[in-house]
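Engineer: just a sequence and a predicted model for now, questions to come.
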Amino acid sequence: MHPDISRFQYPVGEEALLKYLLHNQDVDDITNRAEAHLFYDTAYRGLFEVCKDYAMTTGKGSVKHEDVFEVLREKGRGSENIRQYIKTLATCDMTGVPTLDYVFDTLARHSTRRQAITQLYNGLVNAQNEKVEINEVVADTEEALLAINKQNKGAIEVVLPKDMLKRRHAGLVRRMETVPVYTGWKEFDKFLSHGFAPTKMSIIAGRTSMGKSFFKTNVIINLAQRKIGVINVCPEQGFDSEHDRIDSIMTGTHLRELTRIREHAPGDEVFKRLKSIAEHIQVNWNYACVPTRGITVAGVQAAIRRARRGGVNPQVVFIDLFDRLDDVNVAENRTGNFSAKLNQIEKIAQEEYVHICLLVQVGRGTEQRKEKRPEMSDLRDCGSFEQDADLIFLLYREGYYNHDMDDNKLEVIIAKQRDGIAGIRFQFDITDKQTLSISPVGPMTARAAE
């Protein structure tokens, strides 16, 4: 038995939208904002599609009811009753007709509910099929619901002069009320103009084993300890490995000791420290972890919304590693695929009003040259990171390559920064190799950087 979605219809509003079109009121606004899925009644929907197509193809900016009838007549739908009805809509008194904004809001709300109910019903049917994996049902349903929401937001937006002041004021107020988010290392933050700004994207890049993940983990701890909302997307590491790092840094317990936890009794000192940290995170952090393997870019947005529903108010979203997201490497043109996914990430950052920080592998070209310190050009084979990101950190450890020196220094290069200084090389001490905790030292002098 199919679900009853008929109660989520608004016939008065559907007819009102046709009246506005045929009266040539706000024609451009309607053709930009309205889509056929807003209509439940097939007759209203068909008439709307003809009117909208007529207005857009003629470019007249007006809809003549006689011409609309001629189009219908050519399609074999031009009865005398239809002609009279269209004329009635075009010549009726608009007094008492609901406002256009109210009509749009109500139609969009009802349309979203109808589509959501239908999709949930389809998911219910699939869930009863034992041949279909339940995880696939959940993922497909979640992504379909997300697509429905995007569809209802996907109309072209045109801000008219009458709305300009209100829209601009709202944007400025939101900007004023947004507290800037920085890493938490004051010496380092002095060189960041905007930090992790909402709606923007940053990159942490480096070769394999250069320290991307433990740099990210230290930043996450700094942010979360200040109650800044963080979502940690870590499909590569998984939940246990990710929180081994967090627990190791926060408790001072060596990672090796955590991997050999089976040698400890449940009541000993290590367990007490881990329990204490877990309780601290539960009570004090505005944080969520997303370790799901095979997560897609669309799944990232679904995860952000699920975390928000669960009480986490995210400000910064880390994705480790971006190039391992399930649907990134499926195309033959790897660079073009990355660029397309970056566009999606940027849209998610804007729609969810969060900053998204991507961890990215630098290509192997650095290994083939004498100077192994990464440069911006090393990102070109990875898509349009260099172009799209507002902030790019490149990580380098001289001790990783030079075995004659102690590998206890991490160099973070601020390679790109919109509206800020770029090219700064900032040094961190790896204060404990066993916990991977780091502390800022300061910008490298020209001599030290050589």
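Structural biologist: Structure received.
Engineer: okay, CA-based contacts and neighbour counts for the rest of this
Structural biologist: Will do.
Engineer: quick check: residue 184 is in a strand.
Structural biologist: No - secondary structure of residue 184 (DSSP: H, G, I helix; E, B strand; the rest coil): coil, not part of a strand.
Engineer: now the nearest residue to it once chain neighbours are set aside: how far from residue 186?
Structural biologist: The shortest distance from residue 184 to any non-neighbouring residue, by C-alpha to C-alpha, 6 or more residues apart in numbering, is to residue 222 (5.5 Å). Taking C-alpha to C-alpha, to the nearest Å as the measure, residue 222 falls 11 Å from residue 186.
Engineer: same question for residue 180.
Structural biologist: For residue 180, the distance to residue 186 - C-alpha to C-alpha - is 13 Å.
Engineer: after the longest helix along the chain, next one along is what?
Structural biologist: When the chain is parsed with DSSP state H, its longest helix is helix 100-127. Sequence order places helix 134-153 as the next helix or strand after helix 100-127, per DSSP states H and E.
Engineer: which stretches of the chain have low pLDDT?
Structural biologist: 1, 58-61, 150-157, 264-265, 326-337, 380-383, 445-450 (pLDDT under 70).
Engineer: quick one, domains of it?
Structural biologist: As given by automatic domain parsing, the domain ranges for the chain are 11-153, 177-449.
Engineer: show me which of residue 222 and residue 186 is the more surrounded one.
Structural biologist: Remark: of residue 222 and residue 186, residue 222 carries more neighbours, 16 against 10, as counted by other C-alpha atoms under 10 Å.
Engineer: so who does residue 193 touch?
Structural biologist: Shown in contact with residue 193 (C-alpha atoms under 8 Å, 6 or more residues apart in numbering): 417-421.
Engineer: now the strands for this structure?
Structural biologist: 201-206, 230-233, 287-290, 316-319, 355-361, 391-396, 409-417, 424-432, 437-443 (DSSP state E).
Engineer: tabulate these (CSV), appending distance to residue 110.
Structural biologist: Converted to CSV, these look like this (distance: least, C-alpha to C-alpha, whole Å):
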stretch, distance to residue 110
strand 201-206, 34
strand 230-233, 31
strand 287-290, 32
strand 316-319, 32
strand 355-361, 31
strand 391-396, 41
strand 409-417, 44
strand 424-432, 53
strand 437-443, 52
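Engineer: circling back to that earlier point, now do the longest helix of the chain: which elements does it pack against?
Structural biologist: The contact analysis (3 or more C-alpha pairs under 8 Å, 6 or more residues apart in numbering; DSSP states H and E) places helix 100-127 against helix 11-22, helix 134-153.
Engineer: just the buried residues out of the contacts of residue 193, in ChimeraX syntax.
Structural biologist: Buried subset of the contacts of residue 193, written as a ChimeraX selection, criterion 16 or more other C-alpha atoms under 10 Å:
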select :417
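Engineer: can you lay out the contacts of residue 193 as a markdown table showing distance to residue 297?
Structural biologist: Formatted as a markdown table, the contacts of residue 193 follow (distance: C-alpha to C-alpha, whole Å):
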| residue | distance to residue 297 |
| --- | --- |
| 417 | 24 |
| 418 | 25 |
| 419 | 28 |
| 420 | 29 |
| 421 | 31 |
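Engineer: greatest separation within the contacts of residue 193: which pair is it?
Structural biologist: Across those, the longest distance by C-alpha to C-alpha is 8.1 Å; it joins 418 and 421.
Engineer: so how many other residues sit close to the spatially closest residue to residue 251 that is not a sequence neighbour?
Structural biologist: Excluding the flanking residues, the one nearest residue 251 by C-alpha to C-alpha, 6+ apart is residue 273, at 6.5 Å. By the criterion of other C-alpha under 10 Å, residue 273 has 17 neighbours.
Engineer: over to residue 402?
Structural biologist: By other C-alpha under 10 Å, 10 other residues sit near residue 402.
Engineer: residue 138 and residue 294: what is the separation?
Structural biologist: 13 Å.
Engineer: and for residue 345?
Structural biologist: When residue 345 is compared with residue 294 (using C-alpha to C-alpha), they lie 16 Å apart.
Engineer: more neighbours: which of those two?
Structural biologist: residue 345 (23 against 13).
Engineer: verify the stated contact: the more buried one with residue 297.
Structural biologist: Yes - counting by C-alpha atoms under 8 Å, residue 345 touches residue 297, with 7.0 Å between them.
Engineer: out of the strands of the chain, which is closest to residue 6?
Structural biologist: Using C-alpha to C-alpha, the strands of the chain put strand 287-290 closest to residue 6, at 37.4 Å.
Engineer: for that closest one, list the C-alpha coordinates in PDB.
Structural biologist: The C-alpha coordinates for strand 287-290 follow below in PDB (Å, rounded to 0.1, in the frame of the first residue of the first chain):
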ATOM      1  CA  TYR A 287      32.700  17.100  18.600                       C
ATOM      2  CA  ALA A 288      31.600  14.200  16.300                       C
ATOM      3  CA  CYS A 289      33.700  11.500  14.600                       C
ATOM      4  CA  VAL A 290      32.700  10.000  11.200                       C
END
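Engineer: what comes into contact with that strand?
Structural biologist: With C-alpha under 8 Å, 6+ apart as the test, strand 287-290 has contacts from 224, 229-235, 239, 281, 303, 307, 312, 314.
Engineer: centre of the chain to that strand, how far?
Structural biologist: 15 Å (C-alpha atoms, centre = their mean, to the nearest Å).
Engineer: quick check, nearest of the contacts of residue 193 to residue 199?
Structural biologist: Within the set of these, residue 418 lies nearest residue 199; the separation is 13.6 Å, counting by C-alpha to C-alpha.
Engineer: the closest residue in space to residue 145 that isn't next to it in sequence: neighbour count?
Structural biologist: Nearest residue to residue 145 in three dimensions, chain neighbours excluded: residue 116, at 6.2 Å (C-alpha to C-alpha, 6+ apart). When neighbours are defined as other C-alpha under 10 Å, residue 116 has 19 of them.
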